[in-house]
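# I would like to see how this sequence folds:
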Amino acid sequence: MTLYRDEGIVLRTQKLGEADRIVTVLTRRTGRIRAAAKGVRKTKSRFGARLEPFTHVDLQLYERRSLDLITQAETLRPYGEGLVTDYPRYTAGTAMLETAEKLTAEEREPALRQFLLLVGALRTLVERDHDPRLVLDAFLLRSLSVAGWAPALDECGRCGDRGQLRGFAIAAGGAVCARCRQPGAATPAPPTFGLMLALLRGDWEYADGSEPRHRVECSGLVAAYLQWHLEHGIRSLRHVERDEKGTSLRRERA
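As a prediction, the model looks like this:
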């Protein structure tokens, strides 16, 4: 067995036997890995609490034919502690973890840019400087870009025209002009295109100043575009959307 060391973000865990867990981690150098953690569900486990989702950990592992074996885990930053008491941020973070796993389809394939995006997004969520759904949408757009699926936002996805954009067609690659727009394409407001572009580029001044209706429209388009490319849904996005509806209802009643 080969011993190696890497750091990563814990994406999820699964029960294994009576006291063990399978831990899925997106690492800096190795990419996404699944490893066994022996005895971590026991009360007296040495590092069970360090192998929870959202935790940035430094790991020592034995490489094996099936599941690698975690022999040591040290916490670098417990992002989960800053998220579990804030439902909107927690659900946004959960959607990030699931997306990061889905966008790294091959195990042990290096994914440094995706790892750095995830670390930065979780840090931003915990710092609470921006609305959590804006942070999530920025992460989703940038992750799509890293995967080679960045949507066209400042030019037509079909003809490349930089004139007035009239629609958003997922199959066409994003924004479309009036000539290329086909029936059934969404018709976002111009500020929605501006918000999506700001999130992709990291223009937080513009994003933070955006109106709620444009944020909702942006989130719907980003979620639809992501899930179309992945060819299946991101289950945790349902909880984010449900929270948005609950927040809107509370504001109306107030």
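
# use CA for all of it now, contacts and neighbours both
Will do.

# was I right to think L97 contacts T13?
No - using CA atoms under 8 Å, L97 makes no contact with T13, being 11.6 Å away.

# residue ranges with poor pLDDT in the stretch 1-150 of the chain?
Scanning the stretch 1-150 of the chain for pLDDT under 70 picks out 1, 43-46, 48.

# if we look at the helix or strand harbouring L61, which residues are touching it?
Per DSSP states H and E: L61 is located in strand 55-63. For strand 55-63, contacts defined as CA atoms under 8 Å, 6 or more residues apart in numbering pick out 1-10, 50-51, 68-80.

# ok, H232 - how many residues close by?
10 (other CA atoms under 10 Å).

# need the three-state assignment for it.
The three-state label for H232, taken from DSSP: H, G, I helix; E, B strand; the rest coil, comes out as coil.

# for it, phi and psi?
H232 adopts backbone torsions of phi -160, psi 160, taken as degrees, to the nearest 10.

# please report the distance of it from A92.
According to CA to CA, to the nearest Å, H232 and A92 sit 18 Å apart.

# got it, and D161?
As judged by CA to CA, D161 and A92 stand 34 Å apart.

# how about K15?
Distance of K15 to A92, computed by CA to CA: 24 Å.

# who has more neighbours out of these two?
Remark: of K15 and A92, A92 carries more neighbours, 26 against 14, as counted by other CA under 10 Å.

# so the more buried one is in which element?
For A92, the enclosing helix or strand under DSSP H and E is helix 87-103.

# now W228: closest residue in space, sequence neighbours ignored.
Using CA to CA, 6 or more residues apart in numbering and skipping the chain neighbours, the partner closest in space to W228 is I170 (7.6 Å).

# oh, I was asking about R50
Nearest residue to R50, sequence neighbours excluded (CA to CA, 6+ apart): T75, at 5.9 Å.

# return the residues in contact with that neighbour.
Contacts for T75 (CA under 8 Å, 6+ apart) come out as 50, 55-58.

# so for the helix or strand G194 falls within, what gets flagged as buried?
Element membership for G194 (DSSP H and E) is helix 190-201. For helix 190-201, the neighbour count (16 or more other CA atoms under 10 Å) marks 191-200 as buried.

# closest to A111 among those residues?
In terms of CA to CA, no member of those lies closer to A111 than L200, at 19.0 Å.

# wait, doesn't that closest one sit right on S143?
No - with contact defined as CA under 8 Å, L200 and S143 do not form a contacting pair (9.4 Å).

# dump the strand ranked longest in the chain to CSV, restricted to CA.
Under DSSP state E, the strand in the chain containing the largest number of residues is strand 2-16. Extracted in CSV, the C-alpha atoms of strand 2-16 (Å, rounded to 0.1, in the frame of the first residue of the first chain):
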residue,chain,number,x,y,z
THR,A,2,1.2,3.5,-0.9
LEU,A,3,0.9,6.2,1.8
TYR,A,4,0.0,9.7,0.5
ARG,A,5,-1.1,13.1,1.9
ASP,A,6,-3.6,15.6,0.5
GLU,A,7,-6.0,18.3,1.6
GLY,A,8,-9.6,18.6,0.6
ILE,A,9,-13.2,19.5,1.3
VAL,A,10,-15.5,16.8,2.6
LEU,A,11,-18.4,16.6,0.2
ARG,A,12,-20.5,13.8,1.8
THR,A,13,-20.4,10.7,4.0
GLN,A,14,-22.1,7.3,3.9
LYS,A,15,-22.4,4.7,6.6
LEU,A,16,-20.2,1.6,6.1
